[in-house]
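1. Requesting a structural model of the entry that follows:
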Amino acid sequence: RVDIIESIQKKLPIGFTARTIGCLITTKSPVMKDFKEVMCNEGGHYDSSSGVFTAPVSGMYFVSLTHTQSDDGEIYLNLIHGRRSDLQVLVKTLAACTWTYGKHSSSSDCALIKMDEGD
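-> Numbers count the residues shown, from 1 in each chain. Prediction:
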């Protein structure tokens, strides 16, 4: 039991904060937006070159996002769980809380996701 706990502790802490600034162009197919500017990457489990977070241990992970928009229009945000397209699970679609002031909008959403080690 001690060896299991020590193995998990070596993978801790877990967490990252990343952002992207720029425009997303409307396309007919989904676009994976990488968050290259990493402010914090505790444990190094977020890969900014691919935009993928890999769970180092099985458990529940809390994910949140905020989006701002300066022009009229709709934005759809998808949080994908899984690496292979046939295993992807759409966790959340479209931000749940929206604030608008003039032509500027801000939306936020969060999800609690059960992930296995290596997801």
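2. Going by C-alpha atoms from here, please, whenever you check contacts or count neighbours.
-> Fine.
3. all strands of the protein, in order?
-> Along the chain, counting by DSSP state E, strands occupy 15-19, 37-42, 46-47, 52-53, 59-69, 78-81, 89-93, 97-101, 104-115.
4. Straight-line length of stretch 45-59, end to end?
-> Start and end residues of stretch 45-59 are separated by 14 Å (CA to CA, to the nearest Å).
5. Same check on stretch 51-58?
-> End-to-end distance (CA to CA), stretch 51-58: 20 Å.
6. Lowest average confidence across helices and strands of the protein, where is it?
-> Lowest by mean pLDDT, DSSP states H and E among the helices and strands of the chain is strand 89-93, with a mean of 47.
7. Low-confidence bits of this protein, can you list those?
-> Flagging of the chain using pLDDT under 70 yields the residue ranges 1-2, 5, 8-11, 21-34, 70-103.
8. Find the nearest non-adjacent residue to residue 114, please.
-> Excluding its sequence neighbours, the residue lying closest to residue 114 (CA to CA, 6 or more residues apart in numbering) is residue 60, at 4.5 Å.
9. so what's that neighbour up against?
-> 112-115 (CA atoms under 8 Å, 6 or more residues apart in numbering).
10. Any idea how many residues pack against residue 119?
-> Neighbours of residue 119 under the rule other CA atoms under 10 Å: 15.
11. ok, it to residue 53 distance?
-> Residue 119 sits 8 Å away from residue 53, going by CA to CA.
12. Let me know which of the strands of the chain is tucked in deepest.
-> Across the strands of the chain, averaging neighbours per residue (mean count of other CA atoms under 10 Å) puts strand 46-47 on top, at a mean of 18.
13. Name the residues that touch that one?
-> Strand 46-47 is contacted by residues 16, 52-54 when judged by CA under 8 Å, 6+ apart.
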